Structure formats: structure tokens, C-alpha cells
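here's a sequence, model it:
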Amino acid sequence: MNVLFIGDIVGEVGRKALKSLLPVLKSKYNPHIIIANGENSAAGRGITESIANDFYNWGVHGITMGNHTWDNKDIFEFIDDEPRMVRPANFPPGTPGLGHTVIKANGKELAIVNLQGRTFLPAIDCPFRKSDEIVEELRKKHKCILVDFHAEATSEKIAMGWHLDGRVSLVVGTHTHVQSNDDTILPQGTAYLTDAGMVGPKEGILGMEREAVLRKFETQLPVRFVVDTGKWHFHGVFVQIDESTGKATKIEKIRLREDEWIME
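Numbering: from 1, shown residues only. Next comes the predicted model:
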């Protein structure tokens with residue numbers, strides 16, 4: 001099974017990059033299933049039903065979220081009726097939406113799980129205990145499992161990779177918007193990457209306009225962050241999975257910049 005995971009899509013520039021690059025990425029990698037993190041896709045804050053539908057129409061099969069899940073109130077109108085989208089499974093009981101689901105496309109099945117870290121983020125339920133609970137249940141029927149761990153601390157993400165090694169096919173981090181350089185296949189067959197990176201404005205600060213972010217650091221005064229404009233950069237990861245075992249056989253980072261990229 002070929003799986004393409006796309007890092008946090010940020011605002012209009014990120015959506016533009018996704019739309020224009022998906023046909024080329026499909027041609028190069030022949031992914032059976034495409035998953036994207038969409039929690040920053042609506043002006044950097046949350047997602048709307050219209051944007052989610054655009055993603056599906058362009059070829060994305062499943063959407064993961066994170067700590068900005070509820071930033072756009074539109075989500076409460078559709079998340080309970082959307083089986084292709086997952087929000088962090090360790091949000092408190094009774095939270096709308098799904099924490100895990102099974103994506104079916106091109107004759108393949110991939111279980112996807114969304115978890116959120118607790119280091120430097122709001123204190124919610126334990127992602128490690130929640131991962132044990134969900135993965136144990138999923139493995140009764142599914143060998144191919146992807147976990148998007150939306151977390152701030154690299155140590156917490158690396159710990160999750162080792163915690164789930166041999167039990168899931170891929171653990172990929174999101175949230176920091178900076179792609180890490182530690183892509184690997186762990187000893188028991190789990191592909192791992194600390195952070196997939198982002199899709200959006202390349203000359204902002206994590207996708208936001210530089211001036212506002214600099215002002216915040218320099219003055220510590222309240223500022224309003226706005227998604228930057230201009231050229232994009234695109235980050236993601238491609239993974240091949242042996243369907244008979246659920247173990248990863250290949251992991252490859254994807255890093256592209258507008259007007260600079262060459263796709264062989």
C-alpha cells in the first residue's frame with residue numbers, strides 16, 4: 001500500500017499548493033490513500049465544510065486535525081456526520097467527531113488515528129493510554145494503521161514512535177510546521193517522522209505574517225496573527241506498507257518550494 005501524508009495545510013496559500021501539486025504527486029508516488037492535516041486550513045484557524053469538501057474533491061481521502069480543531073465554529077455543523085475526518089482521540093469523552101476511523105480507497109483500507117500531545121499544550125487525556133486502547137481494538141481487524149500525533153515537544157513525539165513501534169505502520173508528527181530530518185523505520189517495522197512540516201506561505205513565520213509575530217516577541221503585547229501571502233512550500237511524507245504484515249517498507253520525506261521544485 002502506498003500512503004501519502006501531507007503536513008499542516010495553512011490558509012489560502014496552503015490550499016492553493018495542495019490543489020496544484022496533488023496531480024503531480026499522484027503521478028509520481030501512485031498513492032492508494034492520501035491523508036492531510038487540515039486544522040489550519042481556514043485562515044490558519046480550523047477548517048470549514050467547504051474547505052474539507054474541496055480537499056476530498058481534489059483527491060484527499062482523509063483529514064486529521066489538532067489543537068485548532070474547534071477554532072472555526074462551522075465544524076460543529078458537520079463533524080459528527082463526517083466519517084473521513086478525525087480530531088484528537090484523547091479529547092475529553094463526549095467531544096464531537098471521531099478520534100479514529102478507517103479510510104477505504106482504491107481497494108485498500110487504512111485505519112487513521114489522531115492524538116494530541118500534552119507537553120506545552122492544554123492538559124487533556126493521556127495520549128499514550130488512549131493510543132493503547134485504540135490500537136489494540138483496531139489491530140483486531142486492521143494491520144495498516146497511521147497515527148498523526150499532533151504535539152509540540154519532539155521528545156513526546158519520539159516517545160510515541162517507540163511506544164507504538166511494531167503496532168502501527170506509521171507515526172507522523174504534526175503541529176510545529178517545521179519538517180524534521182529523522183525519517184526512519186523503527187526496529188519493529190513502524191515508519192516514523194517527528195514532524196511532517198507544513199503546506200503554506202514559505203516566507204512567513206510558521207505560515208503567519210512575520211511582522212505580527214516579530215512584534216509579539218519584541219514587545220510581548222497582544223497581536224493578531226494573520227496568514228501570510230506569497231509563495232508556498234510543501235512538506236509531507238510518502239510511506240510504503242506491506243499489507244500482509246502492516247509493517248512499513250519505505251519512508252521518504254517530500255519537500256518542495258514554489259518556482260524551485262522539480263518532480264522527476
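
separation between residue 198 and residue 239?
18 Å (CB to CB, to the nearest Å). Heads up, the C-betas are built off the backbone N, CA and C, glycines and all.

more neighbours, these two?
Looking at residue 198 and residue 239 with other CB atoms under 10 Å, you find the greater number of neighbours at residue 198, namely 30 against 26.

give me the spatial nearest neighbour of the more buried one, chain neighbours excluded.
Nearest non-adjacent residue to residue 198, counting by CB to CB, 6 or more residues apart in numbering: residue 177, 3.9 Å away.

need phi/psi at the one you found.
phi 70, psi 10 (degrees, to the nearest 10).

next, count neighbours for it.
Residue 177: 21 neighbours (other CB under 10 Å).

check contacts around it.
Neighbouring residues of residue 177 by CB atoms under 8 Å, 6 or more residues apart in numbering: 7-8, 10, 195, 197-198, 200, 206-207.

repeat that with 10 Å
7-8, 10, 40, 195-200, 204-208, 235 (CB atoms under 10 Å, 6 or more residues apart in numbering).

for residue 43, see how far away residue 213 is.
As judged by CB to CB, residue 213 and residue 43 stand 16 Å apart.

so where's this structure uncertain?
Scanning the chain for pLDDT under 70 picks out 261-264.

and with 90 instead?
123, 259-264 (pLDDT under 90).

as a check, name the ranges of all strands in it.
2-6, 8-9, 33-37, 62-64, 85-86, 100-105, 108-116, 145-150, 170-174, 184-185, 191-193, 198-201, 232-242, 247-257 (DSSP state E).

redo these as JSON lines? Include distance to residue 56.
Shown next, in JSON lines, are those (distance: least, CB to CB, whole Å):
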{"stretch": "strand 2-6", "distance to residue 56": "13"}
{"stretch": "strand 8-9", "distance to residue 56": "13"}
{"stretch": "strand 33-37", "distance to residue 56": "10"}
{"stretch": "strand 62-64", "distance to residue 56": "8"}
{"stretch": "strand 85-86", "distance to residue 56": "10"}
{"stretch": "strand 100-105", "distance to residue 56": "11"}
{"stretch": "strand 108-116", "distance to residue 56": "14"}
{"stretch": "strand 145-150", "distance to residue 56": "17"}
{"stretch": "strand 170-174", "distance to residue 56": "19"}
{"stretch": "strand 184-185", "distance to residue 56": "30"}
{"stretch": "strand 191-193", "distance to residue 56": "24"}
{"stretch": "strand 198-201", "distance to residue 56": "16"}
{"stretch": "strand 232-242", "distance to residue 56": "17"}
{"stretch": "strand 247-257", "distance to residue 56": "21"}
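
for residue 219, which of these is the nearest?
Of all these, strand 198-201 sits nearest to residue 219, with 22.8 Å by CB to CB.

show me the contacts for residue 218.
Here residue 218 is in contact with no residue (CB under 10 Å, 6+ apart).

hmm, who's touching stretch 126-134?
Outside stretch 126-134, the residues touching it (CB under 10 Å, 6+ apart) are 88-91, 99-100, 111, 113-118, 124, 145, 147, 149-151, 156, 159-160, 163-164, 167-168, 171.

fine by me, thanks again.
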